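Participant: Whatever this is, show me its structure:
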Amino acid sequence: MIVEIRRAIFGNKGAELMLHSVIEKIKERFPDAEFAIELNRRKGYSNKIESLGCYKKVPDWNKRLSWAILYLLPRPFLKKLGYVFLDDIDVVLDAAGFAYSDQWGNGPMDELANLTKRCKKTNKKFILLPQAFGPFNDKRNKRSLIEAVQNSDLIFARDQVSYDYIVHEVGKSPNLFIAPDFTNLLKGIVPDYFDKAIHQVCLIPNDRMLDKMPAEKRSMYLPLMVSIAKYLKSKEKNPFLLIHGGKADYELAKKISDAVEGIPIVLEVDPLKIKGLISVCHSVIGSRFHGLVSALSQHVPSLATGWSHKYEMLFEDYHMEDFLLDLNTTENQLHEKIDLLINEESRARIILELSQASELLKSESEKMWVKILDVIDSK
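Facilitator: The predicted model follows:
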C-alpha cells in the first residue's frame, strides 16, 4: 500500500511535524505501508523526500513541462528509481494545514475538487486530515467545496469555526468531523546543545503577520515583538528567537534581535528537535501555529498573536482564550499578560490547566486516527 501525504511541505516546520505524525501513526497499523510526497520545484526537495524514505510522486505534467518527460518513461523503471504516479497511490491523506479558503484564491480549491473526483473514480481513499477551512464566499470556491465533500471519504475540521464554514455551504455530512491538530501526539527530541539557563522564553516570529493581517495592523507586529523582547530582558528571563518557518521568519527574527541589542536566534532544521526544544522552555510567545501547538500540548505556558481564526480556536481548545494578544494592546496590558507567564504562582495554575486540556485533546486525536485507519483498512 502506498499512501500519499499531500501538501505537508518541507521548509515549514509545522508541515514537517505533520509528515512525521502521519508516518508514525500509519506505521502503527500498517507496518509495511510505503509513503509518497509530491515533487516540488524547490531546491533540494527531492533529496528531502528521499531522506524520509518516501517515494517521489510525479505531479501532473501540466504543472511543469520538465515533469512531462517522466510520463513517457516505463513506470516499473521509474518506480525502481523512487518515482510513483497518482495511479500507483492507494490512499491520499491531505495535510494542508490551511489552504482551502477564499484567502488563498481559487487555485487550491480547484485542485482539491479535481483530485477528489479522480480519486473517487479510481477507488482511492481520500482523507482531509485536521486543518482549518474557510471562509467560502467565492462562488467558485463554494462549488469546489461541495464537490470535495462529496468525493472525500473523511474530512476533519480542526475547529468549530472551520466546521461551521463547511456546514454552511454543504450541510451536515456523515463524513465530516471535528478533531484537533494531530501533531499533539508526536514526541519531540531535546537537542544536546539546548541550555535552559541561556534559552528561557521562546519567541517565535511569523512573517505571515506582515502580509495576511489587515493593512492598518501590519506595522504593529514588529514593534510588539520588540517590546516583548525588551520587557523579558528587563525581567532577566533570557528570551531567544526560534525559527519555525523559513527565510522570511529568520529575517524578521534578525530585526527583532537587532532592535534589542542582540538576543540569540536558534535555527534548527529538525522539526522533532524543535518540538523537543519547545518542551523544555520556560514559556513561549509566538505567532507560528504549530509552534504554539507544540507548546500548549506539552504544557508550556504561552501567549500568541495570530492572523486567522485558527489561532483563536487553538487557544479556545486549551481554555487559554485570554492569552491571545491583540496587536494594538497597550504596554501595561502586555506586561500584565507576560507577568502571568513568569510569575510562579500563576504559571503553576496555567501548567495544570494545560495538562488537563492536553490529555483530553490527545484522546480526541487518538479517536480520529482510529476512524482514519479503519477507513483505510476497509479498502
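
Participant: helix, strand or coil for the closest residue to residue 46 other than its chain neighbours?
Facilitator: Nearest non-adjacent residue to residue 46, counting by Cβ to Cβ, 6 or more residues apart in numbering: residue 56, 5.9 Å away. C-betas here are computed from N, CA, C, even on glycine. Three-state assignment for residue 56 (DSSP: H, G, I helix; E, B strand; the rest coil): strand.

Participant: what residues are up against residue 56?
Facilitator: Taking Cβ atoms under 8 Å, 6 or more residues apart in numbering, we find residue 56 in contact with 36-39, 46, 49-50, 82-84.

Participant: what does residue 22 give?
Facilitator: 3, 5, 8, 35, 93, 95, 129, 182.

Participant: Lowest pLDDT pick from the residues you listed?
Facilitator: In terms of pLDDT, residue 8 ranks lowest among the contacts of residue 22, with 78.

Participant: Make sure it is indeed in a strand.
Facilitator: No. Under three-state DSSP, residue 8 sits outside any strand and is assigned coil.

Participant: I'd say it and residue 16 touch.
Facilitator: Yes. Contact criterion Cβ atoms under 8 Å: residue 8 and residue 16 qualify, at 7.2 Å.

Participant: still on that earlier bit, make TSV out of the contacts of residue 56 and add secondary structure, pLDDT and neighbour count.
Facilitator: Output for these, formatted as TSV (DSSP: H, G, I helix; E, B strand; the rest coil; pLDDT from 0 to 100; neighbours: other Cβ atoms under 10 Å):
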residue	secondary structure	pLDDT	neighbour count
36	strand	97	26
37	strand	95	23
38	strand	93	21
39	coil	87	18
46	helix	86	15
49	helix	92	22
50	helix	91	13
82	coil	93	14
83	strand	94	20
84	strand	95	21
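
Participant: before we move on, the earlier item: same list, the contacts of residue 22, but as TSV with neighbour count please.
Facilitator: Shown next, in TSV, are the contacts of residue 22 (neighbours: other Cβ atoms under 10 Å):
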residue	neighbour count
3	24
5	26
8	23
35	23
93	23
95	24
129	26
182	27
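
Participant: Mind checking which of those residues land in helices?
Facilitator: Using DSSP state H to define helices, no part of the contacts of residue 22 is located there.

Participant: ok, for residue 328, nearest residue in space, not its chain neighbours?
Facilitator: Nearest non-adjacent residue to residue 328 (Cβ to Cβ, 6+ apart): residue 220, at 6.0 Å.

Participant: mind checking how far that neighbour is from residue 266?
Facilitator: From residue 220 over to residue 266 the distance is 25 Å, taken as Cβ to Cβ, to the nearest Å.

Participant: show me what contacts residue 254?
Facilitator: residue 265.

Participant: from what I can see, it looks like it's in a helix, true?
Facilitator: Yes. Counting by three-state DSSP, residue 254 is found in a helix.

Participant: Sounds good, over and out.
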